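Engineer: model this:
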Amino acid sequence: MLKPIIEFCASNMHHGTDQVMKRLEGNPELEIIEYGCLGNCGECYLFPFAMVNGEIVAAAEAEELYDEIMKSINEQDAERAALDRLIDDL
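Structural biologist: Residues are numbered from 1 along each chain as shown. Coordinates of the predicted model:
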């Protein structure tokens, strides 16, 4: 199975996402990438966010973002597993 890819915007670090990124970097099962810009300036200005496998994940506070990222990874894994079972049944 491929590692989940979590992308962070350097311009969003003023919300405290740098601490979330550092925490996630300690997990060898995740691919963490930092970009200068992810092209989501509206989200970047308003609240902490990251991209999880190409989907925006956001929270009101940086401390909540970690939990939202992990929740998104688990939900995406469950969806992928359900699709795999469906395909296997065909």
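
Engineer: Please count neighbours and contacts with C-alpha atoms only from this point.
Structural biologist: Fine.

Engineer: Buried residues of stretch 23-42, list them for me.
Structural biologist: By neighbour count on 16 or more other C-alpha atoms under 10 Å, the buried set for stretch 23-42 is 24, 31-32, 38.

Engineer: Name the SS class of Ala50, please.
Structural biologist: Three-state assignment for Ala50 (DSSP: H, G, I helix; E, B strand; the rest coil): strand.

Engineer: That one: neighbour count?
Structural biologist: 29 (other C-alpha atoms under 10 Å).

Engineer: Quickly list what it is bridged to.
Structural biologist: Applying DSSP bridges to Ala50 gives these bridge partners: Val57.

Engineer: Let me know the distance separating it from Asp89.
Structural biologist: 34 Å (C-alpha to C-alpha, to the nearest Å).

Engineer: Grab the most central residue of the chain for me.
Structural biologist: What sits nearest the mean C-alpha location of the chain, by C-alpha atoms, centre = their mean, is Val52, with 3.1 Å.

Engineer: Name whatever forms a beta bridge with Cys9.
Structural biologist: When bridges are called by DSSP bridges, Cys9 pairs up with Tyr35.

Engineer: Cheers, nothing more for now.
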